[in-house]
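Visitor: give me the fold of what follows.
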Amino acid sequence: MSKEVVGVLLLALGGFLVGGVYSTWKTAKFMAGVLAVAALLAIGGAIFWFMS
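Guide: Okay, here's the model as predicted:
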């Protein structure tokens, strides 16, 4: 798997998790917070992956 594919997959995962944060914010704030942390880690990992 090439370097770009992994980065794009991490960004896609981050976007998917951000959508989960948006949809769960009104009903389950704790779960939305957990998803937000996971989204930040995925997006940060993608940025780090592209930079390295």
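Visitor: CA atoms for contacts and neighbours, from now on please.
Guide: Will do.
Visitor: give me the buried stretch members for stretch 40-52, please.
Guide: Ala42, Ile43, Gly45, Ala46 (16 or more other CA atoms under 10 Å).
Visitor: name the element the residue nearest the centre of the chain belongs to?
Guide: By CA atoms, centre = their mean, the chain has its centre lying nearest to Gly14, at 1.9 Å. Here Gly14, judged by DSSP states H and E, is contained in helix 3-24.
Visitor: summarise which helices and strands that helix is packed against.
Guide: If contacts are counted by 3 or more CA pairs under 8 Å, 6 or more residues apart in numbering; DSSP states H and E, helix 3-24 sits against helix 29-51.
Visitor: now the buried residues of stretch 40-52 in a markdown table, with distance to Val21 and pLDDT?
Guide: A markdown table is the format used below for the buried residues of stretch 40-52 (distance: CA to CA, whole Å; pLDDT from 0 to 100):
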| residue | distance to Val21 | pLDDT |
| --- | --- | --- |
| Ala42 | 14 | 97 |
| Ile43 | 14 | 96 |
| Gly45 | 18 | 95 |
| Ala46 | 19 | 94 |
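Visitor: residue contacts, Ala46?
Guide: When the contact criterion is CA atoms under 8 Å, 6 or more residues apart in numbering, the partners of Ala46 are Val6, Gly7, Val8, Leu10, Leu11.
Visitor: turn those residues into TSV, including distance to Lys26, pLDDT and neighbour count.
Guide: TSV is the format used below for these (distance: CA to CA, whole Å; pLDDT from 0 to 100; neighbours: other CA atoms under 10 Å):
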residue	distance to Lys26	pLDDT	neighbour count
Val6	32	92	15
Gly7	30	93	20
Val8	29	95	16
Leu10	26	95	21
Leu11	24	96	19
